[in-house]
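**Q** The sequence and its predicted three-dimensional model are supplied below.
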Amino acid sequence: MDSVDTFVIVPTYNEADNLEELLKQLLALPAPVGVIIVDDNSPDGTGRLADAWAARHPGLVQVLHRPGKMGLGTAYIVGFKHGLAQPGVRRLLTMDADFSHNPRYIPAMIALSREKHLVIGSRYAAGGGSRNCTWKRILLSRIANLIARTLLGLRTRDTTAGFRLYRREVLESIPLDEIFSSGYSFLVELLFMCQRRGWQIGEVPIIFEDRRKGKTKISRQEVFKAQYTVLRLFLRRLRGGEPKRPPVPVAH
């Protein structure tokens, strides 16, 4: 446990079919990681399954329980605060529980974090891509990324990815409680704030796979929220509401 300085934050809601295999793969990685599960009172028993793993791997698997579905963004914030409260933790990584983000990419992301402050597991970096996704989902993702890059000046290729590794200093610089978005648009807002603060951002190419089991959590309402978030941040950018700071050197 003393040597583990990277924790993976996994928000869950009805992921009992995926969680056990995901935890097996995470704990077997050559780069040691711990896991923080944030469960939103899953009716299918995901929280109880997570507790059983935490009992078998004390400290290495940690579980946070919430009373119900409260949004992806707020789950990440709860996980961030919990991870940052542990002094030995140097990196926090976010990923989905449905294997759309494969754990095999995590060692490469940790390696790149020695040169970058924020590392994104990217579908659109050279060598990345998507598998088993419908053309509608791919088109929606492409359009969302194009709009976010154009209006917000984001330089990363994959602006909506949830597979990210943050160094501690990045998250400590962000007023987490001031982030307005709570759903998937939280990811765009957080990336916008990171880039404006001058943090160095890199991308590791990944193959994004559509979930193996269960149902997607993306709704039409989430799409509308994302559109609103991008417009709100665009106006904030025009007003200078988020000051742009010079690039921050990477300290090893």
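**A** Nice, I can see it. Residues are numbered from 1 along each chain as shown.
**Q** What is the burial count for L26?
**A** 20 (other CB atoms under 10 Å). In short, each C-beta sits where N, CA and C put it, glycine included.
**Q** pretty sure it is touching H101, no?
**A** No - using CB atoms under 8 Å, L26 makes no contact with H101, being 10.9 Å away.
**Q** would you list every one of the helices in the stretch 1-150 of the chain?
**A** 16-27, 46-56, 72-84, 106-112, 135-152 (DSSP state H, counting those that start in this stretch).
**Q** and for stretch 12-25, what are the contacting residues?
**A** Outside stretch 12-25, the residues that touch it by CB atoms under 8 Å, 6 or more residues apart in numbering are 10, 35, 37-40, 42-47, 49-50, 53, 61, 69, 97-99, 103-104, 211-214, 217.
**Q** Could you do stretch 121-130 as well?
**A** Contacts of stretch 121-130 (CB under 8 Å, 6+ apart): 95, 101, 105, 109, 138, 141, 145, 156-158, 161, 163-164, 203-210.
**Q** try 10 Å
**A** Contact with stretch 121-130 is made by 93-95, 100-102, 105-106, 108-109, 131, 133, 137-138, 141-142, 145, 156-165, 202-210, as judged by CB atoms under 10 Å, 6 or more residues apart in numbering.
**Q** In PyMOL, how would I select the buried members of those?
**A** Listed next is the PyMOL selection for buried residues among the contacts of stretch 121-130, using 16 or more other CB atoms under 10 Å:
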select buried, resi 93+94+95+100+101+102+105+106+108+109+133+141+145+156+157+158+159+160+161+162+163+164+165+202+203+204+205+206+207+208+209
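**Q** Can you tell me which of the contacts of stretch 121-130 end up in strands?
**A** 93-94, 131, 164-165, 202-205, 207-209 (DSSP state E).
**Q** Would you mind giving the residues you listed as CSV with pLDDT and distance to T229 added?
**A** Shown next, in CSV, are the ones in strands among the contacts of stretch 121-130 (pLDDT from 0 to 100; distance: CB to CB, whole Å):
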residue, pLDDT, distance to T229
L93, 98, 23
T94, 98, 17
R131, 87, 27
R164, 98, 17
L165, 98, 22
G202, 97, 24
E203, 98, 21
V204, 98, 25
P205, 97, 26
I207, 94, 27
F208, 93, 21
E209, 87, 26
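**Q** ok, which pair from the residues you listed is furthest apart?
**A** Farthest pair in these (CB to CB) is R131 and G202. Separation: 22.7 Å.
**Q** Let me see the contact set for L171.
**A** 76-77, 80-81, 83-84, 91-92, 117-118, 190, 194.
**Q** give me phi/psi at it?
**A** Main-chain torsions, L171, degrees, to the nearest 10: phi -70, psi -30.
**Q** Please tell me how far it sits from A85.
**A** For L171, the distance to A85 equals 12 Å [CB to CB, to the nearest Å].
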